[in-house]
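# can't give you the sequence, but here's the structure:
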């Protein structure tokens, strides 16, 4: 059997990739996908721990995360649509009215 | 399987709020465009019923849904704050939505859903429940922030809030996953027992850190406060008022529970993290506010600074410290709600009058509004006999009791710095030449009532704090 640390390290790497994508990408949709990647890294960690402990809890948490991520995606894409319609651009650097 | 009846009593306010929210969504399509304000009144009734239903919670204290929720005096206190904030914000939104031409039913429904989420946060006794509550309130507020759909600034602040909010939520979730991995549970008591039994390993410390990132975002603690001024400025002002009071109070509540109940045995680890964060939060908030000429943005920075003062009380991990946090949240809600609603009133159509210069002469044009605004600003500043003073007093003395002297010294210096920008606005209102080109629109009854209530609340908490402080202390005791 694959030891749990492999799964946890993989989920850490996925999470890190999500963070890097969030920080460095300029397209709103790509940034949004990076967040989804981070959430899926969380799911992987939950499933791995759940299997390791022989508990069902972790699996149930994954469903909660999926449901909330879906709700978030619905709202998020609506916000992105409004931005795209009003500005004709999906680059975050163009969204810069509010400044210090 | 249907949950036992007493469990339903324990989430009575959430049921009521969601019921009225759904009712509004159902009725809204049949209400003609000119009469949408009736939806607002329905939502207001909903909040009043929810307040009344706190009675059911009070008579059924205990844990619900096999320990996922814990209904105690603490949870009641926070419920009280968030529901009252929602009720007053609904009244304060009527005129604003009218002149912005966005008087719609879903605004009120979303406000009720957000409040229900905050209520769940206040009672959550398990990390995933806390996450769900956090998301219910966040997702509703993402939409509310962007409610002025055709205004570019509102779009932008909605996008920023959404992206950074989801980013912070992902950190929070990963923190939960790691904590689960380290302790085999997400229930607060079980986590605390596991820490007591096995100590805190690297996995747990990392998990705790990530949870702090997620919650720090919601309570606007530095260095996670970056989004605050932009989001607060672009959001419709009544929504800003809610954001600054409701979600913040609920997030502080769940943070208290997580850090004291779940990670109480690891307090030596988070003590310095919060200490540093408190210093940064106060300093960033106050120094950035000094150079602001936009009053809405100024109040946004002031809200960061106040989060810092609350963190000072938070660091003093004592009963009186928890009570001080709760009292501060109540006091802060009263004065900030009033202040932001006055900004909404003076801002006028399209929020064009947000500059300090636009407040020139308000003291002669609308003396009552100016008097109320002065009261709120002086209370935010911390003048004796106002709510803000006692909030700070309790917070700082709780920290001094625990011998956290340097933090209190920094906090005291910061409150003196804060005096400059609050007084600047007051001076503008009373001593600058009045602006001849325009006068603020007359104030209507609902807004007037809200200002009256928040002003009374500010003075009441400043002069007769005993009763509320007793509740706060009872709440703090119920936390253990």
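Perfect, thanks for sending it. In this text, all values refer to a predicted model and were calculated from it rather than measured experimentally.
# okay, CA-based contacts and neighbour counts for the rest of this
Fine.
# how about the residues of chain A that lie near chain B?
Contact residues (CA under 8 Å from any CA of the partner chain) of chain A with chain B: A:31-32, A:35, A:38-39, A:41-42, A:45-46, A:49, A:53, A:61, A:64, A:68, A:71-72, A:75-76, A:79-80, A:82-83, A:86, A:95-99.
# now, those residues that are in helices?
Counting by DSSP state H, the residues of chain A next to chain B place A:31-32, A:35, A:38-39, A:41-42, A:45-46, A:49, A:53, A:61, A:64, A:68, A:71-72, A:75-76, A:79-80, A:82-83, A:86 in helices.
# report the buried members of the residues you listed.
With burial judged by 16 or more other CA atoms under 10 Å in any protein chain shown, the buried subset of these is A:31-32, A:35, A:38-39, A:41-42, A:45-46, A:49, A:61, A:64, A:68, A:72, A:75-76, A:79-80, A:82-83.
# can you list the low-confidence ranges for chain B?
For chain B, residues meeting the criterion pLDDT under 70 lie at B:1, B:436-438.
# report the closest residue of the stretch 201-350 of chain B relative to chain A.
Residue nearest to chain A within the stretch 201-350 of chain B: residue B:230 (5.6 Å; CA to the nearest CA).
# could you pull up phi and psi at residue B:393?
Residue B:393 has phi and psi values of phi -60, psi -50 when expressed as degrees, to the nearest 10.
# can you give me phi and psi for residue A:95?
The phi/psi pair for residue A:95 (degrees, to the nearest 10) is phi -90, psi 80.
# just checking, it touches residue B:156?
Yes - under the criterion of CA atoms under 8 Å, residue A:95 makes contact with residue B:156 at 6.2 Å.
# looking at these two, which one has more neighbours?
residue B:156 (27 against 18; other CA atoms under 10 Å in any protein chain shown).
# still on that earlier bit, for the residue of the stretch 201-350 of chain B closest to chain A, give me its contacts.
Residues near residue B:230 by CA atoms under 8 Å, 6 or more residues apart in numbering or on different chains: A:98-99, B:157, B:160, B:297.
# A helix includes it, no?
Yes - with DSSP: H, G, I helix; E, B strand; the rest coil as the criterion, residue B:230 is assigned to a helix.
# from residue B:153, how far off is it?
9 Å (CA to CA, to the nearest Å).
# what do the two both touch?
residue A:98.
# need the next SSE after the lengthiest helix in chain B, C-terminal direction.
Ranked by residue count and defined by DSSP H, the top helix of chain B is helix B:152-183. Once the chain leaves helix B:152-183, the next helix or strand it forms, by DSSP states H and E, is helix B:188-198.
# quick one: that next one to helix B:152-183, angle?
50 degrees (axes from the mean of the first three to the mean of the last three CA atoms, to 10 degrees).
# helix B:188-198 packs against which elements?
Contacts defined by 3 or more CA pairs under 8 Å, 6 or more residues apart in numbering or on different chains; DSSP states H and E place helix B:188-198 against helix B:152-183.
# give the other helices and strands that the helix it packs on contacts.
Helix B:152-183 sits against helix A:28-53, helix A:57-87, helix B:127-145, helix B:188-198, helix B:202-218, helix B:228-234, with contacts defined as 3+ CA pairs under 8 Å, 6+ apart.
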